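In: Sequence and predicted structure below; questions after.
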Amino acid sequence: MGLDRKKTTFSISDLANRIKAGDVAALAKGITLIESTLPEHAEQAFFLIEKCMPHRVESVRVGITGVPGVGKSTFIEVLGKQLTQMNKKVAILAVDPTSTISKGSILGDKTRMEELSKDPLAFIRPTASGESLGGVARKTRESILLCEAAGYEIILVETVGVGQSEVAVHSMVDFFLLLKLAGAGDELQGMKRGVMEMADAIVINKADGDNKKKAEAAKSEFARALHLYPPKPNNWIPKAVTCSASENQGIFEIWEMVTDFAAQTKKEGHFNKNRQDQNQNWFLQAIEDALKSDFYQDQKIKSRMAPLIDQIQSNKISPYKAAQQLVSEYLSGLK
């Protein structure tokens, strides 16, 4: 049974109006819609985003990454609570690792941020990362737009801190924060993966008790390492700092650093330039996603796929030639 276009348009318009009014349940429903992989939801999601885009508030988007166990959830909860106490609306888009067995979220961020999840000025959205690159949910960018339309002026995007997820998150935020632990043995790995080069700040967490001296030493090491990288195009000089999320020390100073970054880059025009570059990348990625989706949903392609795989496995045709053949058949069908 086909979609009732008039009814669908009306219901999505109503949903958009509720999101713009700050309705949390509507926001959650909207994000569920844009995360859906069902073809019939794609048009609805597009219409919803178009309705919401002109009503977005000016926001600051912060990416937060770090290996599991570094204390991301505690850090985000303490930071989020400080921001809501300043009467700021904060949205946390936390991308959970996906279980390879159950396909569901493993960590469940609402249970890890219990106090913040009860705060009326905070919105927490845990999303199973699925099979997308490095654990970043496929529709995180669209989720950011809906949150901004709902009036959330600070968007915190947490990554699982594995694989290439940092690269994807870096491409959709204004400020990129890397959480580290002193003496955890991941200093070299961080440099090797190039994450430090993307970071606007390196924060050594759990700088308390017996660990305080180690944290200060690590801060000095990272500060020296940061000087080895070429200057950033936006003229921002990345900083290494320490904090203790569990004891709420140094968190406010970290937020001051983020606001300094926003003020400096806006004044010099780099903030908006970065957003424009990100929108261009988003546009190109959307084209790739649309073409890929259309290709695999094509009935002719579906019918040809299995026979070609059989030929590849029996060495009757090379994977490259089979791919070229299938793409040619797809393109000829478009003419």
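Out: Arrived safely.

In: Tell me where the stretch 51-200 of the chain is predicted with low confidence.
Out: In the predicted model, the stretch 51-200 of the chain carries pLDDT under 70 at residues 96-112, 128-138, 161-164, 184-193.

In: residue boundaries of the strands in it?
Out: Under the criterion DSSP state E, counting those that start in this stretch, strands of the stretch 51-200 of the chain are mapped to 60-65, 90-96, 122-128, 154-158, 175-181.

In: ditto for the stretch 201-335 of the chain
Out: Using DSSP E, counting those that start in this stretch, the strands of the stretch 201-335 of the chain run over 201-205, 239-242.

In: Among the ones you listed, show me which one is buried the most.
Out: Ranked by mean neighbour count under mean count of other C-beta atoms under 10 Å, those are led by strand 201-205, which reaches a mean of 25. Every residue, glycine included, has its C-beta placed from N, CA and C.

In: okay, the angle between that strand and strand 175-181?
Out: Strand 201-205 runs at 30 degrees relative to strand 175-181, counting by axes from the mean of the first three to the mean of the last three C-alpha atoms, to 10 degrees.

In: Can I get the strands of the stretch 51-200 of the chain in TSV including distance to residue 317 and mean neighbour count?
Out: TSV is the format used below for those (distance: least, C-beta to C-beta, whole Å; neighbours: other C-beta atoms under 10 Å):
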stretch	distance to residue 317	mean neighbour count
strand 60-65	42	24
strand 90-96	38	26
strand 122-128	36	22
strand 154-158	43	25
strand 175-181	44	23
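
In: Residue 282 is nearest to which of these?
Out: Among the strands of the stretch 51-200 of the chain, strand 60-65 comes nearest to residue 282, with 12.9 Å by C-beta to C-beta.

In: helices or strands next to that closest one in the packing?
Out: Where contact means 3 or more C-beta pairs under 8 Å, 6 or more residues apart in numbering; DSSP states H and E, strand 60-65 is packed against helix 72-85, strand 154-158, helix 165-170, strand 175-181, helix 251-267.

In: returning to what we had before: how about a markdown table for the strands of the stretch 51-200 of the chain, with distance to residue 265 added?
Out: Shown next, in a markdown table, are the strands of the stretch 51-200 of the chain (distance: least, C-beta to C-beta, whole Å):
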| stretch | distance to residue 265 |
| --- | --- |
| strand 60-65 | 10 |
| strand 90-96 | 21 |
| strand 122-128 | 25 |
| strand 154-158 | 16 |
| strand 175-181 | 9 |
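
In: closest one to residue 139 among those?
Out: Between residue 139 and these, the tightest spacing by C-beta to C-beta is seen for strand 122-128, at 8.3 Å.

In: other SSEs contacting that closest one?
Out: Contact partners of strand 122-128 among helices and strands, from 3+ C-beta pairs under 8 Å, 6+ apart: helix 24-35, helix 72-85, strand 90-96, helix 109-112, helix 114-117, helix 140-149.

In: closest to residue 195 out of the ones you listed?
Out: Residue 195 lies closest, by C-beta to C-beta, to one member of those: helix 72-85, at 13.9 Å.
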